[in-house]
Every structure is written in structure tokens, then in C-alpha cells.
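Participant: For reference, the sequence and a predicted model appear below.
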Amino acid sequence: MMGIKEIQEYLPHRFPFLLVDRVEEVTKGESIIAIKNVSINEPFFQGHFPQVAVMPGVLIVEAMAQAAAILGFKTQDKTPADGSLYLFVGADNVRFRRQVVPGDQLLLNVAYVSDRRGIWKFKCTSYVDKELAASADIICADRPF
């Protein structure tokens, strides 16, 4: 399990854009299970939508991509401090099945698919109460900075 301090060693993101609160399990080169706690205090809820708060789908995809980056870094036994950064390159087969609202806990499941010349592919799903909320095939580039 990884708490927020260790997560911050693997992700350069900070509030309000750090979208992984806890990592439950990591199997290097295979998978990661992470958590995003969705609170009404999230800054995006002020405008999305004031009458009915719904987490933007693009941020659900971003949360899955951040979990994927942690998996990639852990798999390679490195961190951004080593001069590397995972950049979000693309997403295929993105589907949203359920709204994510304040009070939900988003369970992020990411499975490693492949990597070649610094391009990593992951199969991602997110759940709320065992109900599929979103899925995507995410592509990241591991690049020096």
C-alpha cells in the first residue's frame, strides 16, 4: 500500500491536479489498484455542474493515467527525481458508464499491456461500488525532462 507521501514521490502532480489518493496494491510489470476519493470540495465541482455535481470524464481518464504512470515508474524502479516523466499521449476505447459524484470512491484498476521505445500501453477501468464507471486503453510516453 502507498500513502499520499509515497505517491508524491512517483507523480509530479500536486493539488488540485493530483488525482490518486492511495494505492492499494502494485504488482510490478502487471497491475495497480488505486483509489480516488471524490469530495464536494474538489475545485471542478464549482462549475461542473453547480446544480448537479458530476466529476468530469476527462478527469476520470486522467486519474487512470496517473495510476498508470505510478505502475510504469514502479515497474522500472525509478521516479521523476531520476529525470523521467510519464506524459499522457492518448486514449482509445474510452467509455463512460456511470456518473461519478461527490462521496464516491473511485477504484482505479490498471493493467500493463506493453511498452516499446518508451511508449507504454495500459488497459484501465474505474469502478464505484463495484459498478463500472469508465474504461479506457491509455498510452503514455516515458520521456526525460
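Facilitator: Nice, I can see it. Numbers count the residues shown, from 1 in each chain.
Participant: in the protein, which spans are helices?
Facilitator: Per DSSP state H, the chain carries helices over the ranges 4-10, 57-76.
Participant: Looking at those, which is nearest to A134?
Facilitator: When those are compared by CB to CB, helix 57-76 sits nearest A134, at 4.7 Å. In this view, the C-beta of every residue, glycine as well, is placed from N, C-alpha and C.
Participant: The closest one: which residues count as buried?
Facilitator: 57, 59-75 (16 or more other CB atoms under 10 Å).
Participant: again with stretch 78-97
Facilitator: By neighbour count on 16+ other CB under 10 Å, the buried set for stretch 78-97 is T79, P80, S84, L85, Y86, F88, A91, V94.
Participant: give me the beta-bridge partners of K123?
Facilitator: A111, D137 (DSSP bridges).
Participant: Verify the contact between it and L108 for me.
Facilitator: No. With contact defined as CB atoms under 8 Å, K123 does not count as touching L108 (12.0 Å).
Participant: Look at these two and report which has more neighbours.
Facilitator: Between K123 and L108, counting by other CB atoms under 10 Å, L108 is the more crowded of the two (28 against 17).
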